[in-house]
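Colleague: Please find the sequence and the predicted model below.
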Amino acid sequence: MEKIKMTTPLVEMDGDEMTRVLWKYIKDELILPFVDLKTEYYDLGLEYRNETNDQVTVDSANATKKYGVAVKCATITPNAARMTEYNLKEMYKSPNGTIRAILDGTVFRAPIIVKGIEPYVKNWKKPITIARHAYGDVYKATEMKIPKAGKAELVYTDEDGNETRELIHNFTGAGIIQGMHNTEKSITSFARSCFNFALDQKQDLWFASKDTISKKYDHTFKDIFADMYEKEYKAKFEELGIEYFYTLIDDAVARVIKSEGGYIWACKNYDGDVMSDMLATAFGSLAMMTSVLVSPEGYYEYEAAHGTVQRHYYKHLKGEETSTNSIATIFAWSGALRKRGELDGIKELIDFADRLERASLKTIEDGYMTKDLALITTFENPTVLNSLDFIKAIRKNLEA
Ligand code: NAP
Ligand code: MG
(Lines give C-alpha, C1' and ligand atoms only; values in the text may rest on other atoms or scores of the structure.)
(Ligands and ions follow the chains in the order given, each with its own letter.)
Protein backbone atom coordinates (compact mmCIF):
# COMPACT_ATOMS: atom_id res chain seq x y z
CA MET A 1 0.00 0.00 0.00
CA GLU A 2 1.27 3.44 -0.87
CA LYS A 3 1.78 5.81 2.04
CA ILE A 4 -0.31 8.97 2.27
CA LYS A 5 1.67 12.05 1.22
CA MET A 6 1.74 15.29 3.20
CA THR A 7 2.61 18.73 1.84
CA THR A 8 3.14 20.82 4.99
CA PRO A 9 4.90 19.55 8.12
CA LEU A 10 3.17 19.15 11.45
CA VAL A 11 4.93 20.70 14.41
CA GLU A 12 5.76 17.68 16.57
CA MET A 13 6.36 18.41 20.27
CA ASP A 14 7.73 15.35 22.04
CA GLY A 15 7.36 15.09 25.82
CA ASP A 16 8.14 13.18 28.98
CA GLU A 17 7.91 9.90 30.88
CA MET A 18 5.21 7.32 30.03
CA THR A 19 3.59 9.49 27.38
CA ARG A 20 6.98 9.80 25.63
CA VAL A 21 7.11 6.01 25.54
CA LEU A 22 3.58 5.86 24.11
CA TRP A 23 4.49 8.60 21.61
CA LYS A 24 7.08 6.36 19.97
CA TYR A 25 4.83 3.29 19.98
CA ILE A 26 2.04 5.31 18.34
CA LYS A 27 4.31 6.69 15.64
CA ASP A 28 5.93 3.32 14.89
CA GLU A 29 2.73 1.26 14.88
CA LEU A 30 -0.06 3.60 13.84
CA ILE A 31 1.34 6.51 11.83
CA LEU A 32 4.63 5.74 10.05
CA PRO A 33 3.42 2.52 8.31
CA PHE A 34 0.55 4.47 6.72
CA VAL A 35 1.62 8.10 6.33
CA ASP A 36 4.70 9.55 4.69
CA LEU A 37 4.94 11.68 7.81
CA LYS A 38 6.36 15.17 7.57
CA THR A 39 7.05 16.85 10.90
CA GLU A 40 9.27 19.55 12.27
CA TYR A 41 10.43 17.90 15.48
CA TYR A 42 10.87 19.73 18.80
CA ASP A 43 12.00 17.81 21.86
CA LEU A 44 10.07 19.25 24.81
CA GLY A 45 11.32 16.48 27.10
CA LEU A 46 12.56 18.08 30.30
CA GLU A 47 16.22 17.21 29.69
CA TYR A 48 16.35 19.07 26.40
CA ARG A 49 14.29 21.97 27.77
CA ASN A 50 16.95 22.28 30.46
CA GLU A 51 19.77 22.05 27.92
CA THR A 52 18.25 24.89 25.87
CA ASN A 53 17.12 26.99 28.87
CA ASP A 54 13.56 26.30 27.66
CA GLN A 55 14.22 28.01 24.32
CA VAL A 56 12.97 24.86 22.56
CA THR A 57 9.47 25.45 23.98
CA VAL A 58 9.41 29.00 22.63
CA ASP A 59 10.73 27.78 19.26
CA SER A 60 8.05 25.10 19.03
CA ALA A 61 5.31 27.67 19.69
CA ASN A 62 6.73 29.99 17.04
CA ALA A 63 6.88 27.08 14.59
CA THR A 64 3.16 26.50 15.29
CA LYS A 65 2.55 30.09 14.21
CA LYS A 66 4.46 29.39 11.02
CA TYR A 67 2.82 26.09 10.05
CA GLY A 68 -0.55 26.34 11.81
CA VAL A 69 -0.88 22.87 13.35
CA ALA A 70 1.01 21.16 16.19
CA VAL A 71 0.71 17.88 18.06
CA LYS A 72 2.05 17.81 21.62
CA CYS A 73 2.98 15.02 24.01
CA ALA A 74 2.36 15.54 27.74
CA THR A 75 5.26 17.25 29.50
CA ILE A 76 6.50 17.64 33.06
CA THR A 77 5.85 20.96 34.73
CA PRO A 78 8.86 21.18 37.06
CA ASN A 79 8.41 21.47 40.82
CA ALA A 80 10.96 21.19 43.64
CA ALA A 81 11.18 17.39 43.33
CA ARG A 82 11.85 17.60 39.58
CA MET A 83 14.64 20.15 40.19
CA THR A 84 16.67 17.44 41.93
CA GLU A 85 15.47 14.55 39.78
CA TYR A 86 16.58 16.25 36.53
CA ASN A 87 19.28 18.50 37.99
CA LEU A 88 17.57 21.56 36.52
CA LYS A 89 19.19 24.96 36.11
CA GLU A 90 15.87 26.67 36.75
CA MET A 91 12.28 25.84 37.70
CA TYR A 92 10.95 26.31 34.17
CA LYS A 93 7.36 27.38 33.62
CA SER A 94 4.70 24.98 32.41
CA PRO A 95 5.28 24.38 28.66
CA ASN A 96 1.52 24.61 28.13
CA GLY A 97 1.53 28.02 29.80
CA THR A 98 4.45 29.22 27.65
CA ILE A 99 2.85 27.97 24.44
CA ARG A 100 -0.53 29.43 25.41
CA ALA A 101 1.04 32.81 26.12
CA ILE A 102 2.62 32.87 22.64
CA LEU A 103 -0.38 31.55 20.72
CA ASP A 104 -2.93 33.41 22.90
CA GLY A 105 -5.48 30.68 22.66
CA THR A 106 -8.41 28.99 24.30
CA VAL A 107 -8.30 25.35 25.37
CA PHE A 108 -11.14 23.11 24.20
CA ARG A 109 -11.58 19.75 25.95
CA ALA A 110 -13.95 17.02 24.84
CA PRO A 111 -14.58 13.46 26.03
CA ILE A 112 -14.10 10.55 23.64
CA ILE A 113 -17.29 8.53 23.70
CA VAL A 114 -17.16 4.79 23.24
CA LYS A 115 -19.56 1.88 23.85
CA GLY A 116 -18.78 0.05 27.07
CA ILE A 117 -17.68 3.20 28.91
CA GLU A 118 -20.95 4.80 29.88
CA PRO A 119 -21.31 8.35 31.19
CA TYR A 120 -22.66 8.61 34.74
CA VAL A 121 -25.31 10.99 33.38
CA LYS A 122 -27.54 8.60 31.50
CA ASN A 123 -29.00 10.99 28.93
CA TRP A 124 -25.59 12.22 27.69
CA LYS A 125 -25.32 10.78 24.16
CA LYS A 126 -22.87 13.18 22.51
CA PRO A 127 -19.70 14.84 23.77
CA ILE A 128 -19.83 18.17 25.58
CA THR A 129 -16.80 20.32 24.80
CA ILE A 130 -15.60 22.77 27.43
CA ALA A 131 -13.93 25.97 26.23
CA ARG A 132 -12.04 27.43 29.16
CA HIS A 133 -10.85 31.02 29.19
CA ALA A 134 -7.29 30.71 30.39
CA TYR A 135 -6.43 34.22 31.55
CA GLY A 136 -7.08 36.32 34.64
CA ASP A 137 -9.89 36.40 37.20
CA VAL A 138 -9.10 34.59 40.44
CA TYR A 139 -5.94 33.05 38.89
CA LYS A 140 -4.30 36.47 38.76
CA ALA A 141 -5.93 38.03 41.80
CA THR A 142 -4.45 40.06 44.62
CA GLU A 143 -5.72 39.24 48.07
CA MET A 144 -5.47 40.82 51.48
CA LYS A 145 -6.35 39.77 54.99
CA ILE A 146 -8.09 42.55 56.89
CA PRO A 147 -6.95 42.37 60.51
CA LYS A 148 -9.43 44.77 62.15
CA ALA A 149 -12.08 47.45 61.54
CA GLY A 150 -11.40 49.82 58.64
CA LYS A 151 -12.41 50.88 55.14
CA ALA A 152 -11.46 48.88 52.01
CA GLU A 153 -11.66 50.55 48.59
CA LEU A 154 -10.94 49.79 44.93
CA VAL A 155 -8.70 52.52 43.51
CA TYR A 156 -7.95 53.02 39.81
CA THR A 157 -5.42 55.70 38.82
CA ASP A 158 -5.41 56.45 35.09
CA GLU A 159 -2.33 57.44 33.05
CA ASP A 160 -2.98 61.13 33.80
CA GLY A 161 -3.17 60.56 37.52
CA ASN A 162 -6.96 60.83 37.94
CA GLU A 163 -8.33 58.58 40.65
CA THR A 164 -11.61 56.65 40.70
CA ARG A 165 -12.64 55.00 43.97
CA GLU A 166 -15.32 52.49 44.91
CA LEU A 167 -16.03 51.35 48.42
CA ILE A 168 -15.63 47.61 48.87
CA HIS A 169 -16.65 47.41 52.50
CA ASN A 170 -16.58 49.27 55.79
CA PHE A 171 -15.18 46.57 58.03
CA THR A 172 -16.29 46.58 61.66
CA GLY A 173 -13.92 43.69 62.41
CA ALA A 174 -11.48 41.31 60.72
CA GLY A 175 -12.14 39.97 57.20
CA ILE A 176 -10.72 39.33 53.74
CA ILE A 177 -10.69 41.07 50.35
CA GLN A 178 -9.70 40.16 46.82
CA GLY A 179 -9.02 42.21 43.69
CA MET A 180 -9.11 40.54 40.29
CA HIS A 181 -9.03 41.67 36.70
CA ASN A 182 -9.39 40.75 33.08
CA THR A 183 -8.70 42.64 29.86
CA GLU A 184 -10.91 43.43 26.89
CA LYS A 185 -8.20 42.05 24.63
CA SER A 186 -8.16 38.66 26.33
CA ILE A 187 -11.94 38.33 26.58
CA THR A 188 -12.26 39.34 22.92
CA SER A 189 -9.79 36.70 21.74
CA PHE A 190 -11.52 34.12 23.97
CA ALA A 191 -14.85 34.95 22.34
CA ARG A 192 -13.35 34.82 18.85
CA SER A 193 -11.74 31.42 19.47
CA CYS A 194 -15.08 30.07 20.73
CA PHE A 195 -17.09 31.34 17.76
CA ASN A 196 -14.48 30.05 15.29
CA PHE A 197 -14.37 26.65 17.00
CA ALA A 198 -18.18 26.38 16.92
CA LEU A 199 -18.09 27.04 13.16
CA ASP A 200 -15.26 24.53 12.75
CA GLN A 201 -17.16 21.83 14.67
CA LYS A 202 -20.60 22.86 13.37
CA GLN A 203 -21.95 22.78 16.94
CA ASP A 204 -23.99 25.18 19.07
CA LEU A 205 -22.07 27.45 21.42
CA TRP A 206 -23.25 28.09 24.96
CA PHE A 207 -21.76 30.77 27.17
CA ALA A 208 -22.70 31.42 30.77
CA SER A 209 -21.67 33.81 33.52
CA LYS A 210 -23.26 35.51 36.52
CA ASP A 211 -24.09 38.89 34.98
CA THR A 212 -27.17 39.43 37.17
CA ILE A 213 -24.92 39.64 40.24
CA SER A 214 -21.69 40.84 38.63
CA LYS A 215 -23.20 43.73 36.71
CA LYS A 216 -19.92 45.16 35.42
CA TYR A 217 -17.40 42.32 35.49
CA ASP A 218 -19.35 39.35 34.16
CA HIS A 219 -21.62 41.66 32.20
CA THR A 220 -18.59 42.78 30.16
CA PHE A 221 -17.96 39.16 29.14
CA LYS A 222 -21.61 38.81 28.14
CA ASP A 223 -21.54 42.07 26.14
CA ILE A 224 -18.32 41.26 24.29
CA PHE A 225 -19.68 37.87 23.23
CA ALA A 226 -23.08 39.33 22.23
CA ASP A 227 -21.56 42.20 20.28
CA MET A 228 -19.11 40.01 18.37
CA TYR A 229 -21.85 37.50 17.59
CA GLU A 230 -24.17 40.15 16.15
CA LYS A 231 -21.50 41.88 14.09
CA GLU A 232 -19.41 39.00 12.81
CA TYR A 233 -20.89 35.56 13.37
CA LYS A 234 -24.70 35.61 13.31
CA ALA A 235 -24.98 35.16 9.54
CA LYS A 236 -22.39 32.36 9.48
CA PHE A 237 -24.09 30.53 12.37
CA GLU A 238 -27.51 30.79 10.70
CA GLU A 239 -26.07 29.48 7.45
CA LEU A 240 -24.83 26.35 9.27
CA GLY A 241 -28.01 26.02 11.33
CA ILE A 242 -26.18 26.33 14.66
CA GLU A 243 -26.91 28.76 17.48
CA TYR A 244 -25.20 30.92 20.04
CA PHE A 245 -26.93 30.77 23.39
CA TYR A 246 -26.26 32.83 26.52
CA THR A 247 -27.62 31.98 29.94
CA LEU A 248 -26.76 32.30 33.64
CA ILE A 249 -24.12 29.88 34.92
CA ASP A 250 -26.48 28.16 37.38
CA ASP A 251 -29.09 27.73 34.66
CA ALA A 252 -26.38 26.36 32.34
CA VAL A 253 -25.30 23.75 34.90
CA ALA A 254 -28.89 22.53 35.24
CA ARG A 255 -29.39 22.43 31.47
CA VAL A 256 -26.10 20.59 30.85
CA ILE A 257 -27.17 17.74 33.11
CA LYS A 258 -30.55 17.46 31.39
CA SER A 259 -29.13 17.76 27.84
CA GLU A 260 -28.01 15.01 25.51
CA GLY A 261 -24.73 16.81 24.73
CA GLY A 262 -23.32 17.77 21.37
CA TYR A 263 -22.38 21.43 21.96
CA ILE A 264 -19.53 23.66 23.08
CA TRP A 265 -19.78 25.17 26.54
CA ALA A 266 -17.67 28.31 26.95
CA CYS A 267 -16.68 28.95 30.55
CA LYS A 268 -14.90 31.71 32.41
CA ASN A 269 -11.57 30.63 33.88
CA TYR A 270 -12.79 29.32 37.25
CA ASP A 271 -15.98 27.77 35.91
CA GLY A 272 -13.93 25.99 33.23
CA ASP A 273 -11.43 24.67 35.77
CA VAL A 274 -14.15 23.16 37.92
CA MET A 275 -16.53 22.05 35.18
CA SER A 276 -13.92 20.32 33.01
CA ASP A 277 -12.98 18.00 35.88
CA MET A 278 -16.66 17.34 36.55
CA LEU A 279 -17.25 16.56 32.87
CA ALA A 280 -14.16 14.36 32.43
CA THR A 281 -15.13 12.27 35.44
CA ALA A 282 -18.82 12.10 34.56
CA PHE A 283 -17.96 10.94 31.02
CA GLY A 284 -15.67 8.21 32.37
CA SER A 285 -11.96 8.99 32.45
CA LEU A 286 -9.31 11.69 32.02
CA ALA A 287 -7.49 9.27 29.72
CA MET A 288 -10.45 9.56 27.31
CA MET A 289 -10.34 13.35 26.96
CA THR A 290 -9.00 15.28 23.98
CA SER A 291 -7.61 18.76 24.29
CA VAL A 292 -6.88 21.35 21.63
CA LEU A 293 -5.56 24.89 21.96
CA VAL A 294 -7.09 27.17 19.33
CA SER A 295 -5.67 30.62 18.81
CA PRO A 296 -7.78 33.53 17.56
CA GLU A 297 -5.64 33.56 14.40
CA GLY A 298 -6.58 29.93 13.76
CA TYR A 299 -3.48 28.03 14.91
CA TYR A 300 -4.18 24.60 16.42
CA GLU A 301 -2.22 22.60 18.99
CA TYR A 302 -3.55 19.11 19.80
CA GLU A 303 -2.64 17.17 22.96
CA ALA A 304 -3.99 14.72 25.54
CA ALA A 305 -5.71 16.20 28.59
CA HIS A 306 -3.81 13.99 31.06
CA GLY A 307 -0.22 14.28 32.30
CA THR A 308 2.89 12.15 31.79
CA VAL A 309 1.55 9.26 33.94
CA GLN A 310 4.66 9.23 36.12
CA ARG A 311 3.70 6.25 38.28
CA HIS A 312 3.41 3.99 35.24
CA TYR A 313 6.75 5.28 33.88
CA TYR A 314 8.62 4.26 37.02
CA LYS A 315 7.16 0.76 36.66
CA HIS A 316 8.21 0.76 33.00
CA LEU A 317 11.77 1.77 33.99
CA LYS A 318 11.93 -1.15 36.41
CA GLY A 319 11.02 -3.47 33.54
CA GLU A 320 7.53 -4.10 34.88
CA GLU A 321 4.53 -4.32 32.57
CA THR A 322 2.32 -1.23 32.21
CA SER A 323 -1.20 -0.83 30.88
CA THR A 324 -1.36 2.86 30.05
CA ASN A 325 -4.21 4.20 27.96
CA SER A 326 -2.93 5.79 24.74
CA ILE A 327 -6.33 6.84 23.33
CA ALA A 328 -6.07 10.55 24.15
CA THR A 329 -2.57 10.74 22.64
CA ILE A 330 -3.69 8.84 19.53
CA PHE A 331 -6.56 11.30 19.17
CA ALA A 332 -4.11 14.20 19.47
CA TRP A 333 -2.33 12.76 16.42
CA SER A 334 -5.54 12.08 14.49
CA GLY A 335 -6.84 15.57 15.30
CA ALA A 336 -3.64 17.19 14.06
CA LEU A 337 -3.44 15.05 10.92
CA ARG A 338 -7.09 15.74 10.11
CA LYS A 339 -6.60 19.50 10.54
CA ARG A 340 -3.47 19.36 8.33
CA GLY A 341 -5.51 17.45 5.74
CA GLU A 342 -8.28 20.05 5.86
CA LEU A 343 -5.90 23.00 5.54
CA ASP A 344 -3.92 21.41 2.71
CA GLY A 345 -6.88 19.79 0.94
CA ILE A 346 -5.58 16.21 1.35
CA LYS A 347 -8.64 14.01 1.56
CA GLU A 348 -6.61 10.82 2.15
CA LEU A 349 -5.16 12.33 5.31
CA ILE A 350 -8.62 13.29 6.64
CA ASP A 351 -9.89 9.78 5.87
CA PHE A 352 -6.87 8.24 7.58
CA ALA A 353 -7.52 10.29 10.74
CA ASP A 354 -11.14 9.07 10.74
CA ARG A 355 -10.05 5.46 10.27
CA LEU A 356 -7.44 5.69 13.02
CA GLU A 357 -10.08 6.94 15.45
CA ARG A 358 -12.61 4.30 14.41
CA ALA A 359 -10.01 1.52 14.73
CA SER A 360 -9.10 2.78 18.22
CA LEU A 361 -12.71 2.83 19.39
CA LYS A 362 -13.51 -0.52 17.76
CA THR A 363 -10.67 -2.11 19.73
CA ILE A 364 -12.33 -1.04 22.99
CA GLU A 365 -15.80 -1.93 21.75
CA ASP A 366 -14.51 -5.43 20.91
CA GLY A 367 -13.54 -5.76 24.57
CA TYR A 368 -9.77 -5.09 24.30
CA MET A 369 -8.66 -2.28 26.56
CA THR A 370 -6.17 -0.94 29.07
CA LYS A 371 -6.55 -1.49 32.79
CA ASP A 372 -8.03 1.95 33.60
CA LEU A 373 -10.96 1.25 31.26
CA ALA A 374 -11.35 -2.39 32.31
CA LEU A 375 -12.06 -1.08 35.82
CA ILE A 376 -15.03 1.03 34.68
CA THR A 377 -16.41 -0.76 31.62
CA THR A 378 -19.92 -2.14 31.51
CA PHE A 379 -18.63 -5.08 29.39
CA GLU A 380 -18.23 -8.38 31.17
CA ASN A 381 -14.80 -10.02 31.08
CA PRO A 382 -12.85 -7.40 29.11
CA THR A 383 -9.38 -8.38 27.87
CA VAL A 384 -6.75 -6.22 29.58
CA LEU A 385 -3.78 -5.47 27.34
CA ASN A 386 -0.42 -3.91 28.16
CA SER A 387 0.54 -0.51 26.73
CA LEU A 388 2.16 -1.82 23.54
CA ASP A 389 -0.25 -4.69 22.88
CA PHE A 390 -3.20 -2.30 23.06
CA ILE A 391 -1.62 -0.17 20.33
CA LYS A 392 -0.85 -3.31 18.30
CA ALA A 393 -4.50 -4.39 18.62
CA ILE A 394 -5.53 -1.00 17.21
CA ARG A 395 -3.08 -1.51 14.33
CA LYS A 396 -4.74 -4.83 13.48
CA ASN A 397 -8.10 -3.08 13.23
CA LEU A 398 -6.57 -0.25 11.22
CA GLU A 399 -5.12 -2.69 8.70
CA ALA A 400 -8.38 -4.64 8.45
P1 NAP B 1 -1.31 12.25 35.28
O2 NAP B 1 -0.08 12.03 34.51
O3 NAP B 1 -2.49 12.70 34.50
O4 NAP B 1 -1.66 10.92 36.06
C5 NAP B 1 -2.45 10.85 37.21
C6 NAP B 1 -3.03 9.45 37.38
O7 NAP B 1 -4.15 9.32 36.51
C8 NAP B 1 -2.08 8.34 36.96
O9 NAP B 1 -1.22 7.98 38.00
C10 NAP B 1 -3.05 7.25 36.53
O11 NAP B 1 -3.65 6.62 37.66
C12 NAP B 1 -4.16 8.06 35.88
N13 NAP B 1 -3.92 8.26 34.43
C14 NAP B 1 -3.70 9.45 33.79
N15 NAP B 1 -3.55 9.25 32.49
C16 NAP B 1 -3.67 7.93 32.28
C17 NAP B 1 -3.60 7.11 31.11
N18 NAP B 1 -3.36 7.63 29.91
N19 NAP B 1 -3.76 5.77 31.25
C20 NAP B 1 -3.99 5.24 32.46
N21 NAP B 1 -4.07 5.96 33.60
C22 NAP B 1 -3.91 7.28 33.51
O23 NAP B 1 -1.06 13.35 36.41
P24 NAP B 1 0.12 13.49 37.48
O25 NAP B 1 0.66 12.15 37.84
O26 NAP B 1 -0.44 14.37 38.51
O27 NAP B 1 1.25 14.29 36.75
C28 NAP B 1 2.42 13.70 36.18
C29 NAP B 1 3.19 14.76 35.43
O30 NAP B 1 2.41 15.22 34.34
C31 NAP B 1 3.54 15.98 36.27
O32 NAP B 1 4.93 16.23 36.17
C33 NAP B 1 2.74 17.11 35.66
O34 NAP B 1 3.49 18.30 35.65
C35 NAP B 1 2.49 16.64 34.26
N36 NAP B 1 1.24 17.12 33.62
C37 NAP B 1 1.32 17.50 32.32
C38 NAP B 1 0.18 17.88 31.63
C39 NAP B 1 0.32 18.26 30.18
O40 NAP B 1 1.40 18.26 29.63
N41 NAP B 1 -0.76 18.60 29.53
C42 NAP B 1 -1.06 17.88 32.28
C43 NAP B 1 -1.12 17.47 33.62
C44 NAP B 1 0.04 17.07 34.28
P45 NAP B 1 -3.05 5.29 38.35
O46 NAP B 1 -1.66 5.64 38.76
O47 NAP B 1 -3.99 5.07 39.47
O48 NAP B 1 -3.06 4.18 37.32
MG1 MG C 1 -8.98 21.66 37.79
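Modeller: Received, thanks. Residues are numbered from 1 along each chain as shown. Ligands and ions are numbered 1, 2, ... in the order given.
Colleague: In this structure, what residue comes closest to ligand 1?
Modeller: In the chain, the residue that lies nearest ligand 1 is Gly307 (2.5 Å; CB to the nearest ligand atom). All C-beta spots, glycine's among them, are computed from the backbone N, C-alpha and C.
Colleague: Identify the residues contacting stretch 94-107?
Modeller: Stretch 94-107 has contacts (CB atoms under 8 Å, 6 or more residues apart in numbering) with 13, 44, 49, 54, 57-58, 60-62, 64-65, 72, 75, 77, 131-134, 186, 189-190, 193-194, 197, 291-296, 299, 301, 303.
Colleague: one step back: over to the residue of the chain closest to ligand 1. Which of the three states is it?
Modeller: What DSSP: H, G, I helix; E, B strand; the rest coil gives for Gly307 is coil.
Colleague: Ramachandran angles for it?
Modeller: Main-chain torsions, Gly307, degrees, to the nearest 10: phi -90, psi -150.
Colleague: just the helices in the stretch 51-200 of the chain please.
Modeller: Ranges of helices in the stretch 51-200 of the chain, per DSSP state H, counting those that start in this stretch, are 55-67, 80-85, 95-103, 184-201.
Colleague: nearest to ligand 2, of these?
Modeller: Minimum separation from ligand 2 across those (CB to the ion) falls at helix 95-103, 13.2 Å.
Colleague: The closest one vs helix 55-67, what angle?
Modeller: Counting by axes from the mean of the first three to the mean of the last three CA atoms, to 10 degrees, helix 95-103 lies at 40 degrees to helix 55-67.
Colleague: quick one: low-confidence parts of the stretch 1-150 of the chain?
Modeller: The model of the stretch 1-150 of the chain has no residue with pLDDT under 70.
Colleague: ok, 80 please
Modeller: Applying pLDDT under 80 to the stretch 1-150 of the chain flags the ranges 1, 104-105.
Colleague: interface residues of it facing ligand 1?
Modeller: Ala74, Thr75, Ile76, Thr77, Asn96 (CB under 6 Å from any ligand atom).
Colleague: can you tell me which residues contact the fourth one?
Modeller: Contact analysis of Thr77 by CB under 8 Å, 6+ apart lists Lys93, Ser94, Pro95, Asn96.
Colleague: Touching, the residue of the chain closest to ligand 1 and Ala74? I think so.
Modeller: Yes: under the criterion of CB atoms under 8 Å, Gly307 makes contact with Ala74 at 5.3 Å.
Colleague: intersection of neighbour lists for those two?
Modeller: Here Gly307 and Ala74 share the contacting residues Thr19, scored by CB under 8 Å, 6+ apart.
Colleague: okay, the two: which has more neighbours?
Modeller: Each of Gly307 and Ala74 has its neighbours counted (other CB atoms under 10 Å); Ala74 has more, 28 against 16.
Colleague: Could you pull up the residues touching the closest residue to the more buried one other than its chain neighbours?
Modeller: Spatial nearest neighbour of Ala74, chain neighbours left out: Thr19 (4.1 Å); criterion: CB to CB, 6 or more residues apart in numbering. Contacts were defined as CB under 8 Å, 6+ apart; by that measure Thr19 touches Cys73, Ala74, Ala304, His306, Gly307, Thr308, Val309, Thr329.
Colleague: isn't there a helix covering Thr19?
Modeller: Yes: under three-state DSSP, Thr19 falls within a helix.
Colleague: Could you shift the numbering so residue one becomes 32, and keep it that way?
Modeller: Okay, using 32 as the starting number, the last item reads as Thr50.
Colleague: Quick check: the gap between it and ligand 2.
Modeller: 19 Å (CB to the ion, to the nearest Å).
Colleague: What values do phi and psi take at Gly204?
Modeller: The phi/psi pair for Gly204 (degrees, to the nearest 10) reads phi -160, psi -160.
Colleague: wait, it sits on Ala180?
Modeller: Yes: here Gly204 lies in contact with Ala180, judged by CB under 8 Å, at a distance of 5.9 Å.
Colleague: Contacts only, for the residue positioned nearest the centre of the chain.
Modeller: Most central in the chain under CA atoms, centre = their mean is Ser322, positioned 3.1 Å from the mean C-alpha point. For Ser322, the contacting residues are Val138, Phe139, Arg140, Tyr333, Glu334, Ala335, Ala336, Ala359, Ala363, by CB under 8 Å, 6+ apart.
Colleague: That one should be in a strand, yeah?
Modeller: Yes: when three-state DSSP is applied, Ser322 is found to be in a strand.
Colleague: Just read off the phi/psi values of the closest residue to Asn412 other than its chain neighbours.
Modeller: Spatial nearest neighbour of Asn412, chain neighbours left out: Gly398 (7.4 Å); criterion: CB to CB, 6+ apart. Main-chain dihedrals, Gly398, degrees, to the nearest 10: phi 100, psi 10.
Colleague: what does the model give Leu279 for pLDDT?
Modeller: In this model, Leu279 is scored at 97, pLDDT.
Colleague: That one: neighbouring residues, count only.
Modeller: Residues near Leu279, counting by other CB under 10 Å, number 16.
Colleague: Likewise for Tyr98?
Modeller: Residues lying near Tyr98 (other CB under 10 Å) number 17.
Colleague: can you tell me which of the helices of the stretch 82-231 of the chain comes nearest to Leu68?
Modeller: Judged by CB to CB, the one of those that comes nearest to Leu68 is helix 86-98, at 13.8 Å.
Colleague: Show me which positions of the closest one end up buried.
Modeller: Neighbour-count burial for helix 86-98 flags Val87, Thr88, Val89, Ser91, Ala92, Ala94, Thr95, Tyr98 (criterion: 16 or more other CB atoms under 10 Å).
Colleague: what's the fifth one in contact with, if anything?
Modeller: Listed by CB under 8 Å, 6+ apart, the contact set of Ala92 reads Thr129, Ile130, Ile133, Leu134.
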